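In: sequence-free structure coming up:
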């Protein structure tokens, strides 16, 4: 039987915020749990906040990360702590960690996967992962996980945020608070789940070709400096685009690339630009790829969220949703502005308003391409995408 509950707190004292949110969640599931998941604003002293959570959760395995806004059944929030307690006698949870995403994201992903694999006594059905939102290459983390666990294992999760500051994010692993880390949770046992993945962004302008790239750094597009994409579109000079983090402007105009197996283009956020006219994305775009400039629009974004929820529900094959996990790009939060709750309402209209729900606004999402699970499942790194996972029973 799966029991889940969520607690939140906006107490200004970090210890009290952590302890209060955790106590609410623990109490609602009957006083015991097998896994604690924590998402928190960086406005809190992270060590004190986690100490507050652990004062209640004690030795229960704990995972989570900092965010750019929390998501619960009550809707989106900011500068709060959200805690989910899970108690399930039909699911085994094992956790693992990998370090060094700033140096070698692939190796960090492998390390987290190896720990999960070594601890698992049953075949894994699902992997949930949180990683540093400023990692060297989010897509390389996914490949590292797959190198150990296989390419067909569904991977869902998100990249940690820091309230849109783009300075430093945090990952939680029991009592430890880290940066440049990958945290993974393996799910195994007799349970069912569904995944939904949609973004709703539309391409604008003509297709372009990446003519020179290295990892997540795009050097040239159509044999011109990559930054010229945004110079042309915004009518700004390169030095203007470099002065302030380009991510703060380009989040509603990301890049999209064609990938086999998905009707939607795979989104890549632009994070920084340099004096050489190069742009660095949250994950790589391979040299030779065809890309488009993408544009977000409120109505399509909300429709995409609803479609993602319908997709996840269809994969439950008629069983009752017991918990909803939402990993939603902070760009969507910025796009929707005062109407941001409408997106979460659309999900709940499909999946149920009384189902415990937790999630956060990310710097990147991990999910199967096109939400496909089963033999054709291939998980990838996304940006600007509504990603959700539903546990059912």
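Out: All right, it came through fine. None of these values were measured; they are calculated from a predicted model. Numbering: from 1, shown residues only.

In: looking at this protein, which helix or strand does the model trust least?
Out: Lowest on mean pLDDT, DSSP states H and E among the helices and strands of the chain sits helix 238-243, with a mean of 65.

In: Show me the chain divided up by domain.
Out: What automatic domain parsing lists as the domains of the chain is 2-198+300-392, 202-293.

In: Could you single out the most deeply buried of those domains?
Out: Between these, domain 2-198+300-392 has the highest mean count of neighbours, a mean of 22, where neighbours are mean count of other Cβ atoms under 10 Å. In this view, the C-beta of every residue, glycine as well, is placed from N, C-alpha and C.

In: pLDDT (mean, whole number) over that one?
Out: Across domain 2-198+300-392, the average pLDDT comes to 96.

In: Next, the distance between the ends of it.
Out: The distance separating the two terminal residues of domain 2-198+300-392, taken as Cα to Cα, to the nearest Å, comes to 8 Å.

In: same thing with stretch 257-273?
Out: In terms of Cα to Cα, the two terminal residues of stretch 257-273 are separated by 19 Å.

In: can you check stretch 258-274 too?
Out: Its start and end residues considered, stretch 258-274 measures 26 Å (Cα to Cα).

In: Name the residues that touch the longest strand along the chain?
Out: Of all the segments of type strand in the chain, defined by DSSP state E, the longest one is strand 202-214. In this structure, residues lying in contact with strand 202-214 by Cβ atoms under 8 Å, 6 or more residues apart in numbering are 218-223, 226, 229, 233, 256, 265, 284-295, 297, 300.

In: now do stretch 296-316
Out: Outside stretch 296-316, the residues that reach it (Cβ under 8 Å, 6+ apart) are 192-202, 252-253, 321, 331-332, 335-336, 339, 342-344, 346-347, 349-351, 371, 373, 384, 386-390, 392.

In: what does stretch 67-76 give?
Out: Looking at what lies outside stretch 67-76 - Cβ under 8 Å, 6+ apart - the contacts are 6, 8, 39-41, 77-78, 80-82, 160-164, 326, 328, 330, 333, 340-341, 344-345, 348, 353-363.

In: Out of these, name the ones that lie in strands.
Out: Judged by DSSP E, strands contain the following of the contacts of stretch 67-76: 6, 8, 39-40, 77, 81-82, 326, 328, 357-362.

In: Nearest to residue 131 among those residues?
Out: Within the set of the ones in strands among the contacts of stretch 67-76, residue 362 lies nearest residue 131; the separation is 9.7 Å, counting by Cβ to Cβ.

In: Name the nearest residue to the closest one, sequence neighbours excluded.
Out: Spatial nearest neighbour of residue 362, chain neighbours left out: residue 158 (3.5 Å); criterion: Cβ to Cβ, 6 or more residues apart in numbering.

In: ok so that neighbour is a strand residue?
Out: Yes. Residue 158 forms part of a strand when assessed by DSSP: H, G, I helix; E, B strand; the rest coil.

In: For the stretch 251-393 of the chain, which segments count as helices?
Out: Counting by DSSP state H, counting those that start in this stretch, the stretch 251-393 of the chain forms helices over residues 298-315, 330-336, 340-351, given from the N-terminal end onward.

In: Using a markdown table, lay out the ones you listed together with distance to residue 56.
Out: Written out in a markdown table, the entries for the helices of the stretch 251-393 of the chain read as follows (distance: least, Cβ to Cβ, whole Å):
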| stretch | distance to residue 56 |
| --- | --- |
| helix 298-315 | 30 |
| helix 330-336 | 28 |
| helix 340-351 | 26 |
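
In: Of all those helices, which one is nearest residue 24?
Out: Sorting the helices of the stretch 251-393 of the chain by Cβ to Cβ, the top spot, which is the nearest, belongs to helix 340-351 at 19.4 Å.

In: which residue sits farthest out from the middle of the chain?
Out: The outermost residue of the chain relative to its centre, with distances by Cα atoms, centre = their mean, is residue 223 at 32.6 Å.

In: quick one: that residue from residue 293, how far?
Out: For residue 223, the distance to residue 293 equals 17 Å [Cβ to Cβ, to the nearest Å].

In: try residue 367
Out: From residue 367 across to residue 293, the span is 23 Å (Cβ to Cβ).

In: repeat for residue 264
Out: 15 Å.

In: what residue lies at the spatial centre of the protein?
Out: residue 158 (1.7 Å).

In: Identify the residues contacting that one.
Out: By Cβ under 8 Å, 6+ apart, the residues touching residue 158 are 65, 130, 327, 328, 359, 360, 362, 363, 364, 365, 366, 387.

In: so where do the strands sit in the stretch 1-150 of the chain?
Out: Counting by DSSP state E, counting those that start in this stretch, the stretch 1-150 of the chain forms strands over residues 2-9, 35-40, 62-66, 70-72, 75-77, 81-88, 91-99, 126-131, given from the N-terminal end onward.

In: With respect to residue 154, which of those strands lies nearest?
Out: Minimum separation from residue 154 across the strands of the stretch 1-150 of the chain (Cβ to Cβ) falls at strand 126-131, 5.3 Å.

In: Could you give the separation of the closest one from the chain centroid?
Out: For strand 126-131, the gap between its own C-alpha mean and the chain's C-alpha mean amounts to 9 Å (Cα atoms, centre = their mean, to the nearest Å).

In: Residue 361 contacts residue 330, doesn't it?
Out: Yes. Between residue 361 and residue 330 a contact is recorded at 4.2 Å, counting by Cβ atoms under 8 Å.

In: Can you spell out which helices and strands pack onto the host helix or strand of residue 188?
Out: When elements are assigned from DSSP states H and E, residue 188 belongs to strand 181-189. In terms of contact count using 3 or more Cβ pairs under 8 Å, 6 or more residues apart in numbering; DSSP states H and E, strand 181-189 is assigned the packing partners strand 62-66, strand 91-99, helix 105-119, strand 126-131, helix 138-149, strand 171-173.

In: what angle separates that strand from strand 81-88?
Out: Orientation of strand 181-189 against strand 81-88 (axes from the mean of the first three to the mean of the last three Cα atoms, to 10 degrees) gives an angle of 30 degrees.
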